[in-house]
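S.K.: this is a predicted model, with the sequence first.
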Amino acid sequence: MTVQLDHTIVSARDREESATFMADVLGLPAPVPNGPFLMVETANGVALDFVGSDDDITTQHYAFLVNEPEFDEIFGRILERGLPHWADPGQTRPGEVRRQRDGGRGVYFEDPSGHLLEILTRPEASV
């Protein structure tokens, strides 16, 4: 079986602001229009399709597996922007980076709509 995630829809207060934020912070190509969406594509071909919503946003968690140099670059952009960040999803360890048992690192931060984004250098199964 070759089931793969192709895309998911991300609700945002302002689709352009949120899509551009994600692309910029993660170092991904600029968002491109795709019907009513602004699409941000990751390196493995999964697309995040941002759609604007006037309704309350149910925040979601999106985790991105990156290599060590990418982590440093992304984390540098988080720090440059002065974004709050945490070592844990409960946001109880502000300003810290999580150290995984296998030597990997992870950090959480929010996008403009309140979605909790995570970058990590080892797959979740190894945490």
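M.R.: Sure, I can see it. Residues are numbered from 1 along each chain as shown.
S.K.: ok, the least confident helix or strand in the chain by mean pLDDT: who's next to it in the sheet?
M.R.: Lowest by mean pLDDT, DSSP states H and E among the helices and strands of the chain is strand 98-99, with a mean of 94. Sheet pairing for strand 98-99, assigned by DSSP bridges, gives strand 105-110 (antiparallel).
S.K.: show me the strands in this protein, by range?
M.R.: Applying DSSP state E to the chain gives strands spanning 7-12, 32-34, 37-41, 47-52, 61-65, 85-86, 98-99, 105-110, 116-120.
S.K.: and these as JSON lines, adding distance to residue 24 and mean neighbour count?
M.R.: Any C-beta I mention is one placed from the backbone N, CA and C, and that applies to glycine too. Listed next are the strands of the chain as JSON lines, based on distance: least, CB to CB, whole Å; neighbours: other CB atoms under 10 Å:
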{"stretch": "strand 7-12", "distance to residue 24": "14", "mean neighbour count": "18"}
{"stretch": "strand 32-34", "distance to residue 24": "14", "mean neighbour count": "12"}
{"stretch": "strand 37-41", "distance to residue 24": "10", "mean neighbour count": "21"}
{"stretch": "strand 47-52", "distance to residue 24": "13", "mean neighbour count": "20"}
{"stretch": "strand 61-65", "distance to residue 24": "14", "mean neighbour count": "15"}
{"stretch": "strand 85-86", "distance to residue 24": "16", "mean neighbour count": "21"}
{"stretch": "strand 98-99", "distance to residue 24": "23", "mean neighbour count": "14"}
{"stretch": "strand 105-110", "distance to residue 24": "13", "mean neighbour count": "20"}
{"stretch": "strand 116-120", "distance to residue 24": "12", "mean neighbour count": "20"}
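S.K.: make CSV from these and add distance to residue 75 to it.
M.R.: Formatted as CSV, the strands of the chain follow (distance: least, CB to CB, whole Å):
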stretch, distance to residue 75
strand 7-12, 22
strand 32-34, 26
strand 37-41, 19
strand 47-52, 20
strand 61-65, 12
strand 85-86, 8
strand 98-99, 12
strand 105-110, 6
strand 116-120, 7
